[in-house]
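Enquirer: Mind looking at a prediction? Sequence and model below.
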Amino acid sequence: MPPTVRPLMTSDFPQALPMLQGMRFVDSESALEQRFPAFCTHPDWALLGAFEGETLLGYAAAQDYGPHIRSGNSHLTAKLHDLYTAPDHRRKGVGRALMQSMEAWGRARGLRYLFWYANLREATPAYVGMGYTAGEEVQEGFKYFEIDYGEANTRIPGPERHC
């Protein structure tokens with residue numbers, strides 16, 4: 001049975017903390033704890049958790065960049081910043097459930113693009129295994145991925161959009 005995916009709440013912080021730390025680059029645990037509630041309710045962020053009962057199995061975080069100065073709302077873009085599955089729950093559909101929910105979030109917001117970078121070690125193979133196609137290695141050690149919600153005949157590849 002797939003996990004239940006829902007927005008994370010402030011009360012989920014104790015379970016989310018080890019996962020956030022597992023992604024590395026946490027400046028301080030106390031600062032993270034202070035920031036967490038604002039991100040749970042920020043209108044431009046999706047902070048989703050995958051749960052089995054009350055147990056958090058993984059989370060995903062994406063940021064809607066909003067209208068662009070040049071293209072307005074025609075190329076609304078969001079970046080997936082994090083996708084993390086607890087080690088004991090990997091390869092069991094948690095990441096897939098989170099990505100399906102992120103795709104639905106983007107579609108509901110009227111996004112044109114959802115993009116992310118994935119390290120070559122664990123992340124790129126995981127996304128490819130979920131059916132996503134990696135683009136070029138645009139940053140050393142990271143592949144570029146993108147979901148285009150628009151019509152194929154209006155697609156402008158990310159590197160050519162410059163937004």
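Expert: Structure received.
Enquirer: Ala50: how many residues sit nearby?
Expert: 26 (other C-beta atoms under 10 Å). Bear in mind the C-beta positions are built from the backbone N, C-alpha and C, glycine included.
Enquirer: Kindly report the same for Asn73.
Expert: By other C-beta under 10 Å, the burial measure for Asn73, its neighbour count, is 11.
Enquirer: how about it, what does it touch?
Expert: 67, 110 (C-beta atoms under 8 Å, 6 or more residues apart in numbering).
Enquirer: cutoff 10 Å now
Expert: 66-67, 110-112 (C-beta atoms under 10 Å, 6 or more residues apart in numbering).
Enquirer: Filter those residues down to the buried ones, ChimeraX style.
Expert: Only the buried entries of these go into this ChimeraX selection, using 16 or more other C-beta atoms under 10 Å:
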select :111,112
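Enquirer: Where does pLDDT dip in this protein?
Expert: Low-confidence segments of the chain (pLDDT under 70): 152-163.
Enquirer: Which parts of it are helices?
Expert: 13-22, 29-41, 94-109, 123-129, 158-161 (DSSP state H).
Enquirer: Please point out which parts of the longest one sit buried.
Expert: To tie it back to what came earlier, the one meant is helix 94-109. 94-99, 101-102, 105-106, 109.
Enquirer: who does Leu56 bridge with?
Expert: Taking DSSP bridges as the rule, Leu56 bridges to Phe51.
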